[in-house]
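[1] dropping a prediction and its sequence here:
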Amino acid sequence: MASLTPQVTTQVATGTAPARGGRPRRPRVWRGVVLVLAAVYFLVPLIASFVFTVEVPNQGFSLDAYGQIFSAEGFGGSLLLSLGLGVATIVLVLLLTLPAAVAVRLGAPRLRPVLEVVCTLPLVVPPITFVAGISTVLRWGPDYLATTPLYQTMIAVQNPDFPVVLVLAYVVLALPFAYRSLDAGLGAIDVRTLSEAARNLGASWPHVLLRVIIPNMRSAMASASFLTLALVLGEFTIARLLSFETFPNWIYRISGSQAQVSVAVSVFSLLITWLLLLALSSAGARQRSGS
């Protein structure tokens, strides 16, 4: 037995250890092929866009398009509006989905399929149909609610400075992604044992949610928040049809007169999104390794 140990150790170290059944493992070439194809699919359009922004006719290489981003008219206002809508959407989505998911897991497990179906319904409804219904309600409201206190509410939710109607629409669109992230996070911890232990120690239900469950859900909540923010920053159809100038609509508006600047803004925002995703992934990996 002792004479066999070095041989097995050598095989493991060199990567030639036999697989189950006694046959040597083969390098899975298809994984590399899939990664290369995915890299080509994602990187070639990005590289082409970057070349378009830095290639100036009769001048050659130039970064003027990226220098004009922050001084372009409407850039700061539209970006701040989209970020504000994203933060409000994240807060509202978490307030709706997290308590509901916890309550279903603890008190009514049989209702979990119902909650899952309700939260995934927005994936079935096309955005163009969804915004058509919203615009119909907004046109119908002033005619039938003019003599009621709800008339001012209908006007306030359409304020161009901060359109609350977009927040409500984005909450609906983000429900499937937020619910999946939070449900996976709840599945990774023993919610029932943690809540029962806290209740036995005299903690109230709000204390259990805020001090026990949420600290163990940081990674899942961060994933849900990132997906929601990415959806808000990239959503175009609803804001366009409702005539609100969010960041994607601003990019579309300047694309006719400043094509290079609009493409440069798109590349810049995409890189920022990737950096946020990498930071979120590294933060989640550090949290898992620490726990």
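    Good, I have the coordinates.
[2] every contact and neighbour count from this point should use C-alpha atoms.
    OK.
[3] hey, where'd the helices end up in the stretch 51-200 of the chain?
    With DSSP state H, counting those that start in this stretch as the criterion, the stretch 51-200 of the chain has helices at 64-67, 75-107, 112-120, 127-144, 150-156, 164-187, 191-200.
[4] just for this protein, where's the confidence low?
    Scanning the chain with the threshold set as pLDDT under 70 gives 1-27, 277, 280-291.
[5] of all residues in it, which one is nearest the centre?
    Nearest to the mean C-alpha position of the chain, counting by C-alpha atoms, centre = their mean, stands Leu227 at 0.8 Å.
[6] report the separation between it and Val104.
    The gap separating Leu227 from Val104 is 23 Å, by C-alpha to C-alpha, to the nearest Å.
[7] what do you get for Ala72?
    As for Ala72, its distance to Val104 is 48 Å (criterion: C-alpha to C-alpha).
[8] over to Arg180?
    For Arg180 relative to Val104 (C-alpha to C-alpha), the value is 14 Å.
[9] could you do Val36 as well?
    When distance is defined by C-alpha to C-alpha, Val36 is 42 Å away from Val104.
[10] the more surrounded of these two?
    Neighbour count, other C-alpha atoms under 10 Å: between Val36 and Val104, Val104 has more, with 17 against 11.
[11] shouldn't that one be in contact with Arg112?
    Yes: using C-alpha atoms under 8 Å, Val104 is in contact with Arg112, at 5.9 Å.
[12] anything in contact with each of those two?
    Jointly contacting Val104 and Arg112 under the rule C-alpha atoms under 8 Å, 6 or more residues apart in numbering is no residue at all.
[13] show me the contacts for the nearest residue to Tyr66 once chain neighbours are set aside.
    Counting by C-alpha to C-alpha, 6 or more residues apart in numbering, Tyr66 lies nearest to Ala264, which is 5.9 Å off, once chain neighbours are set aside. Ala264 makes contacts with 49-50, 53, 65-66, 69, as judged by C-alpha under 8 Å, 6+ apart.
[14] out of those residues, which is most surrounded?
    For these, the largest neighbour count, defined by other C-alpha under 10 Å, is 23 neighbours, found at Thr53.
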